[in-house]
Every structure is written in structure tokens, then in C-alpha cells.
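Trainee: structure of the sequence below:
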Amino acid sequence: MGVSDLQHLRSIGAAVSDHIRALFPHGGGGERIGIGAGGDWTKQIDLQAETFALDRVRDMGMEWNILSEEIGYLDRGSDKTLIIDPIDGTYNAVNALPFYATSLAIMGSDGEIDAGVVCDIPMRRSFHAERGRGAYLDDERIRTRDYIESRAVFSSFLEPGSMEDNRTLLSWPKRVRYFGAVSLEVCFVAKGSFDLFALFSRIPRITDLAAAHLILKEAGGKHMKIRTDGTWADYHPFKESDIRGVLAIGDPTAAERMIEISRAARPR
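Mentor: Numbers count the residues shown, from 1 in each chain. Below is the predicted model of the structure:
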């Protein structure tokens, strides 16, 4: 039996994680190298992680197309595409805040994610999933949790310019947190630590969400979007526009509550 795409991803992710921990055990790597394909500054730690990951792909003899946060898209004639965010949560990593990850996913020719891995680098563990086969944290099956409003815990990213517009949406949970790494925060919804993760102000990058999107879905959750007109719909990370916010939701009841509050807050 051959090695699966998921096994390849887990191997690459584990190697990148070990490499980054060895290079930057106490943070650092924040020197600016240039502007990445995603439009943000590429830091030394990002480049180190990406170069090491792509070297591993080459050494394994994998001919996948590549879509990376830093280099953009590389067409190698394959029907599969490796989608990689070498370091999600760069600011945390540079400042030795222990919440950052490497995210890797394989997208098939149908535009769907077939396998995904999010490696929690400081905690030395990985979230992973294959389409139709469930989601796992290391070797333990994970599931989203039932929504109970009295204990609701959300995570949310609000840029300063979007805080006032979205304050009502996030004023009612028991607690709201933000940790600074989108892929990990979605995985925390998948494993039942958060009820919901909300991202406002910018359209999420495919590299941020590809692996986590599959992990959340296989754990029983889903992504939804709020359009600029305030209406809600299911969200697919590769086919989207007209977005005010994206939410990772564990239990549909949490989504129903958010929609109710959103409609009540919308100007008439």
C-alpha cells in the first residue's frame, strides 16, 4: 500500500515544525525579506519555513502544483495542488507567543480539499483530516461541541476600522478571545474548544483556510459568510467574493443565534 497524500503532508509538517523550533527556539526571525504573494511582508521565519517545506516536497519526488503564501502559484502540470501557509501567526512566532502553525492541504482537480494538516508548532501536535474520513488531533478523533449560550466562547479578529460595525455581533458570548493564527483558531472550533471563530475586515486567504476548512467540516462544523448587505450564506474558500466576514461554526445553533442578532442589529 502506497503512502497517502495525508501521510506526506503530516511528514512535511512535522519536519517543518522541528526545523522552525530548532532555528527560533526563543522567537525571532522577524527581519523583512520582501513582499510575499499574499501582499504582506515576508519575514525571515516565513522564508525559512517555506524553503524547507518545498525542499521536502522536492526530495519526496512529489510533482504537485504549489500555491504558497509567499511564492504564489507554481503550475507543475499536476491534477493536485499543495496549498501551504509556511507560518500562520508569524507575529506570534517572532515574539515567542506560543500560538502559530504550519498549514498544508491538497486540493484535487475538482477544487475540493482532499487532505489537510495544521501543525501546532509550539505544542508539537497536528490537526489533520481526509475527505470523508473524519478529523483528528494527532491520533484522537475530534468533534465540534454542542452550543450552550451560558458557556459560549468565541474567537474573533477585528481590525480597528471594523470594530464599531461588528460590536453587536460579538457582545453576547460568555467570552471572546483572539489568538492570532486563523488556521489554529478554526481547528479549535473543530475540537470543541471554541463555539465559533469570526474573521472580519478582510477576505481570508486560501492558504490560511484550506486545511482548516476540511478539518472543521470533517469534525461536524462549517464555514459561513456574511455578505456586505448583511445576508448570510455557506462559505467556500475558493469561490468567494462580496464578503464582510467569515465564521467557522461548530454547532448550527450558534450560527442561528448570530443570524438572529445580525438581523436585529441591521438598520431598517
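
Trainee: residues near the closest residue to residue 108 other than its chain neighbours, how many?
Mentor: Sequence neighbours aside, residue 114 is the residue nearest to residue 108 in space, at 5.0 Å (criterion: CB to CB, 6 or more residues apart in numbering). (Glycine included, C-beta is placed from N, CA and C.) Using other CB atoms under 10 Å, residue 114 has 18 neighbouring residues.

Trainee: and the closest residue to residue 238 other than its chain neighbours, its phi and psi?
Mentor: Spatial nearest neighbour of residue 238, chain neighbours left out: residue 111 (5.7 Å); criterion: CB to CB, 6+ apart. Residue 111 adopts backbone torsions of phi 80, psi 10, taken as degrees, to the nearest 10.

Trainee: what residues does stretch 75-84 touch?
Mentor: 5, 50, 53, 57, 62-69, 102-109, 113-114, 206-207, 210-211 (CB atoms under 8 Å, 6 or more residues apart in numbering).

Trainee: find me the pLDDT at the residue nearest to residue 238, would you?
Mentor: With respect to pLDDT, residue 111 scores 88.

Trainee: now, which of the contacts of stretch 75-84 lie within helices?
Mentor: The helices, defined by DSSP state H, take in 5, 50, 53, 57, 206, 207, 210, 211 from the contacts of stretch 75-84.

Trainee: of all those residues, which comes closest to residue 141?
Mentor: Lowest distance from residue 141 to the ones in helices among the contacts of stretch 75-84 (CB to CB) belongs to residue 211, with 17.1 Å.

Trainee: assess the claim that the closest one and residue 119 are in contact.
Mentor: No - checked against CB atoms under 8 Å, the pair residue 211 and residue 119 is beyond contact range at 9.4 Å.

Trainee: and residue 180, helix, strand or coil?
Mentor: coil (DSSP: H, G, I helix; E, B strand; the rest coil).

Trainee: follow-up on the earlier one: from the ones in helices among the contacts of stretch 75-84, which one has the minimum pLDDT?
Mentor: residue 206 (88).

Trainee: how many other residues sit next to it?
Mentor: Around residue 206 there are 20 residues (other CB under 10 Å).

Trainee: for the residue most central in space within the chain, give me the pLDDT.
Mentor: By CA atoms, centre = their mean, the chain has its centre lying nearest to residue 183, at 2.1 Å. Note on residue 183: pLDDT of 95.

Trainee: residue 178 now?
Mentor: 81.

Trainee: what stretches of the stretch 51-200 of the chain score poorly on pLDDT?
Mentor: 158-175 (pLDDT under 70).

Trainee: show me this structure divided up by domain.
Mentor: 5-141, 149-265 (automatic domain parsing).
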